[in-house]
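> build me a model:
(chains A and B)
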2 protein chains.
Amino acid sequence: MLTVALPKGGLLKYGIHLLNNLGLDFSAFLDAGNRQLQIIDGSGTAKGLLVRAQDVPVYVEYGQAQLGIVGFDVLREKNPQVAHLVDLGFGYCRMSLAVRQSSSYQSPLDLPAHGRVASKYVNSAYEYFQHINLPVEIVPLYGSVELGPITGMSEAIVDLVSTGKTLKENGLVEIATLYESTAYLIAHPLSYRLNEDNLSNLIDKIRKYTEG
Amino acid sequence: MLTVALPKGGLLKYGIHLLNNLGLDFSAFLDAGNRQLQIIDGSGTAKGLLVRAQDVPVYVEYGQAQLGIVGFDVLREKNPQVAHLVDLGFGYCRMSLAVRQSSSYQSPLDLPAHGRVASKYVNSAYEYFQHINLPVEIVPLYGSVELGPITGMSEAIVDLVSTGKTLKENGLVEIATLYESTAYLIAHPLSYRLNEDNLSNLIDKIRKYTEG
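Numbers count the residues shown, from 1 in each chain, chains lettered A, B, ... in the order given. Prediction:
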């Protein structure tokens, strides 16, 4: 059966809305109090898997899901072996470098060499500073990255920003954008090539719906 | 000022209760609707930092907090450069290997060589299978690890178990315990040696309280 991995969090409702418009109903995932992690669509033709955003490419890479919906930020950070099929356009955000508003840093190269940058996106941060040729120490955090500069542990942070509200509330300001991100449709490469479960039919519909 | 990093999640209320009994009040962190990540104790002598459990050792390692409270599972998985001072006794859980109840695996060595094991604790899982000399592929997940065996992506999982309710609900059963875990008091090694902010006074009190 065709299986689609869907990400918990902000992208979920858009992903479900998209699939609903194409005849696949996984809206039960949106019910408050839902505890199911797998749902078979009413038509009995497809299964939805509800997983953490970072786990979507894992399920697709291992072929447990032929398709997945996930933010480009996750693909860029983890570089999983999956096919990137369609930019779905929703879920816009950007990977930003931010510093304290009260600091003197106005551009990335103002940061001191061997300074510290806190981030949940250590690969993205590392690549960026390699690219601008500024040696920094990346401090890996799991949450509340904005505490890094506030406590003085780091000079800057690299984090995903959508509205910028969290940065503002914490007295931080963006000084560079590493890249922009939207949701992508991804596929298991072999399933895609072999057109398992007539995958290409759904993919074409998603492409037309997104571009139309 | 003496700073203590406290973990969000299940250990928080026990950690705050412990410090409260020794005269440091960070109970505002427990208020529903609290959004503060830093609180100064009423006596003005200590600061509490509220961070993700996995970030507690990071703040302590970098010296932004002289002390921290965190589960042994995090210390064992990440092996941060911090001093382990006191086993606080609360927050008991165990790192377990679990399989589907319906499977034929009754002990770890029943698992097929080159099978897959899903886990959020990839280092713990890797070390364990090295130790029993069984080559397996570790599938790194961020959440809902129990989906691994249910979807057929993995033969087994390595995960933290406290009551066992989640395993049971998902038709999984434990076949080995990798290690047991409780909360630990940790310290920044240099701050500890130099007795910064008269750290040893608080540590002694915690030790007495815990052992008494």
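
> what does chain A put close to chain B?
Contacts of chain A with chain B, taken as C-beta under 8 Å from any C-beta of the partner chain, map to A:8, A:37-38, A:49-52, A:54-55, A:58-59, A:62, A:64, A:116, A:139-144, A:147, A:150-153. Using the backbone N, CA and C atoms, a C-beta is placed for each residue, glycine as well.

> restricted to buried residues, select those residues in PyMOL.
Buried members of these, defined by 16 or more other C-beta atoms under 10 Å in any protein chain shown, are picked up in PyMOL with:
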select buried, chain A and resi 8+37+49+50+51+52+54+55+58+59+62+64+116+139+141+144+147+150+151+153
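
> just the ones of the residues of chain A next to chain B in strands?
Of the positions in the residues of chain A next to chain B, A:38, A:49-51, A:116, A:139-140 sit in strands, assigned by DSSP state E.

> now, the most widely separated pair of these?
Spanning the widest gap among these are A:Q38 and A:R116, at 41.7 Å by C-beta to C-beta.

> any chance of the ones in strands among the residues of chain A next to chain B in CSV, plus pLDDT and distance to A:K165?
Below are those laid out as CSV (pLDDT from 0 to 100; distance: C-beta to C-beta, whole Å):
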residue, pLDDT, distance to A:K165
A:Q38, 94, 34
A:L49, 97, 31
A:L50, 97, 26
A:V51, 97, 27
A:R116, 97, 24
A:V139, 97, 23
A:P140, 97, 24
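
> for chain A, which strand is longest?
The strand spanning the most residues in chain A, taking DSSP E as the definition, is strand A:172-181.

> what about A:K165, how many residues nearby?
Other residues near A:K165 come to 9 when the count uses other C-beta atoms under 10 Å in any protein chain shown.

> rewinding a little: and whichever helix or strand comes after the longest strand of chain A, average pLDDT?
Helices and strands here follow DSSP states H and E; after strand A:172-181, the next one along the chain is strand A:183-187. For strand A:183-187, mean pLDDT rounds to 98.

> residues in contact with strand A:183-187?
Residues external to strand A:183-187 that are found in contact with it (C-beta atoms under 8 Å, 6 or more residues apart in numbering or on different chains): A:11, A:14-15, A:56-57, A:60, A:66-72, A:75, A:82-91, A:199, A:203, A:206.

> narrow those residues to just the buried residues.
Buried by 16+ other C-beta under 10 Å: A:11, A:15, A:56-57, A:60, A:66-72, A:75, A:82-83, A:85-86, A:88, A:90-91, A:199, A:203, A:206, out of those.

> give me the pLDDT for the closest residue in space to A:N170 that isn't next to it in sequence.
Sequence neighbours aside, A:E146 is the residue nearest to A:N170 in space, at 4.2 Å (criterion: C-beta to C-beta, 6 or more residues apart in numbering or on different chains). Per-residue pLDDT puts A:E146 at 94.

> neighbours of A:E146, how many?
21.

> same question, the one 10 residues further on
Neighbour count for A:A156, taken as other C-beta under 10 Å: 29.

> was I right about it contacting A:L109?
No - under the criterion of C-beta atoms under 8 Å, A:A156 makes no contact with A:L109, lying 11.9 Å away.

> between those two, which contacts overlap?
By C-beta under 8 Å, 6+ apart, no residue touches both A:A156 and A:L109.

> report the buried residues of the helix ranked longest in chain A.
Secondary structure of chain A per DSSP state H: the longest helix is helix A:199-211. By neighbour count with 16+ other C-beta under 10 Å, helix A:199-211 contains the buried residues A:199, A:202-203, A:205-206.

> tell me which of those is nearest to B:Y128?
When the buried residues of helix A:199-211 are ranked by distance to B:Y128 (C-beta to C-beta), A:L199 comes first, at 37.3 Å.
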